[in-house]
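Visitor: next input, structure requested:
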Amino acid sequence: MILDIRHSDEFEEWHIPESKNIDVYDELTEDAEAARSQLSELPSDQDIVTVCAAGGVSQTATELLEEMGRDALTLVDGMNGWSRVHRSAPVNIDIDGNLLQVARPGKGCLSYILISDGEAAVFEPSHYPEEYEERIEDEGAELVGVFDTHAHADHVSGGRDLADRNDVPYHLHPADATLLDATSLEDGQQLTIGNVSVEVIHTPGHSPGGVTYAVGGDGLLTGDTLFHKSVGRVELGVEAGIEDTDVEENAATLYESLQRLRQRSGNPLVLPAHDPASPEPPVTARLSEVEAQNDDLGRNRESFIEDLASDIPDHPPNFQRVKRVNIGDESVDDDELSSLELGPNRCAAE
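Guide: The predicted structure is shown next:
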């Protein structure tokens, strides 16, 4: 049993799937014995892993449970540690090479490693570069480029850091790389990784510099433009104060970008940058499947713009600062990076 002892509102906001919440945080911090009665109601036939934000108060819970004769452990670093977990799996895609999807279930983030003929490229990396370097080394490949689809608002990109560590180009569309020294991208540009072609498709709306990468004709790395059951939000850059457009204009732009993707031939795999659940890779769906299950794609232009511009869900935590960091307008030290992006992923429209 995964036992989350945080306050119930924090648990509802963001938690490990299938975990159980008993709100005894205050009791454990003030008088641990006061939590004994509630913890004694736990089923006796399960081992327990306790969870809090950073692992401190949950360790107190573990010690109390052990005094009560229970087998208990503490999740190291709590939800901070859960946010760092990376899992990977190959994507079944028709290319002359391999595509690996790397998921962060604690953040709902999806990134990708393309490997072909000894060369590797990383798309949408987190700020944990070793997660990608180790996988590339295991594949016997050499990193030749790092790519982001846009300046993200929910997590701090590790793109520049990964590129600098390996002395390779970092690619970002100039409309998003406003204050960064990044290798520019343009609509229709053709890149090659080993024997695999990568086409750049400018798909703004969620972000001015949003692009989709068409990988070998059978995959679309859609970033936050298109998810399997939703589409990207259109107000984050406006509310962060870094876009001159308004939400209605962004929604109209996103609608046109989605039509471009829907016209792609061959029924490619849609491979987004996020999954709102806690993804177990690989998370994939063909374009035809996405069109069948994504209600946003069934709306006409007028209703699409109206719905996206008016129905604004809760924002990602710290999205203004995260966005500014990713366009190069602000810097944060390593100690602050992890805490800055903690919390649920909310880059999809609802």
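
Visitor: so P281, which of the three states?
Guide: Three-state assignment for P281 (DSSP: H, G, I helix; E, B strand; the rest coil): coil.

Visitor: which residues touch it?
Guide: By C-beta atoms under 8 Å, 6 or more residues apart in numbering, the contact list for P281 reads 87-89, 101-103, 110. To be clear about C-beta, it is placed using only N, CA and C from the backbone, and glycine gets the same treatment.

Visitor: quick one, what contacts the residue nearest to the spatial centre of the chain?
Guide: Residue closest to the average C-alpha location in the chain (C-alpha atoms, centre = their mean): C109, at 2.1 Å. Applying C-beta under 8 Å, 6+ apart to C109 gives the contacts 103, 124, 126, 154-155, 273-274, 345.

Visitor: tell me which helix or strand the closest residue to N21 other than its chain neighbours sits in.
Guide: Leaving aside its chain neighbours, N21 sits nearest to F11 (4.1 Å; criterion: C-beta to C-beta, 6 or more residues apart in numbering). Assigned by DSSP states H and E, F11 belongs to helix 8-13.

Visitor: pull the most distant pair out of the contacts of C109.
Guide: Between any two of the contacts of C109, the greatest separation by C-beta to C-beta is 14.3 Å, found for A103 and D154.

Visitor: of the two, give the one with the bigger neighbour count.
Guide: D154 (27 against 23; other C-beta atoms under 10 Å).

Visitor: that one falls within a helix, correct?
Guide: No: counting by three-state DSSP, one finds D154 to be coil, located in no helix.

Visitor: can you give me phi and psi for it?
Guide: phi -110, psi -20 (degrees, to the nearest 10).

Visitor: now it: closest residue in space that isn't a chain neighbour?
Guide: Distance criterion C-beta to C-beta, 6+ apart; nearest residue to D154, sequence neighbours excluded, is P316 at 4.1 Å.

Visitor: quick check: the gap between that neighbour and S19.
Guide: 21 Å (C-beta to C-beta, to the nearest Å).

Visitor: more neighbours: the two, which one.
Guide: P316 (22 against 15).

Visitor: count of neighbours near the closest residue in space to L269 that isn't next to it in sequence?
Guide: Spatial nearest neighbour of L269, excluding adjacent residues (C-beta to C-beta, 6+ apart): G219 at 4.7 Å. By the measure other C-beta under 10 Å, the count of residues near G219 is 23.

Visitor: for D71, same thing?
Guide: Other residues lying near D71 total 11 when counted by other C-beta under 10 Å.

Visitor: tell me, how many residues neighbour the nearest residue to it once chain neighbours are set aside?
Guide: Distances taken as C-beta to C-beta, 6+ apart place D47 nearest to D71, at 4.5 Å, with adjacent residues excluded. As a burial measure, D47 scores 10 neighbours (other C-beta under 10 Å).

Visitor: can I have the buried ones of the contacts of P281 as a PyMOL selection?
Guide: PyMOL command restricting these to the buried ones, with burial defined by 16 or more other C-beta atoms under 10 Å:
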select buried, resi 88+101+102+103+110
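
Visitor: list the buried residues for the top helix by length along the chain?
Guide: Determined from DSSP state H, the single longest helix within the chain is helix 247-262. Buried residues in helix 247-262, counted by 16+ other C-beta under 10 Å: 247, 249-255, 257-258, 261.
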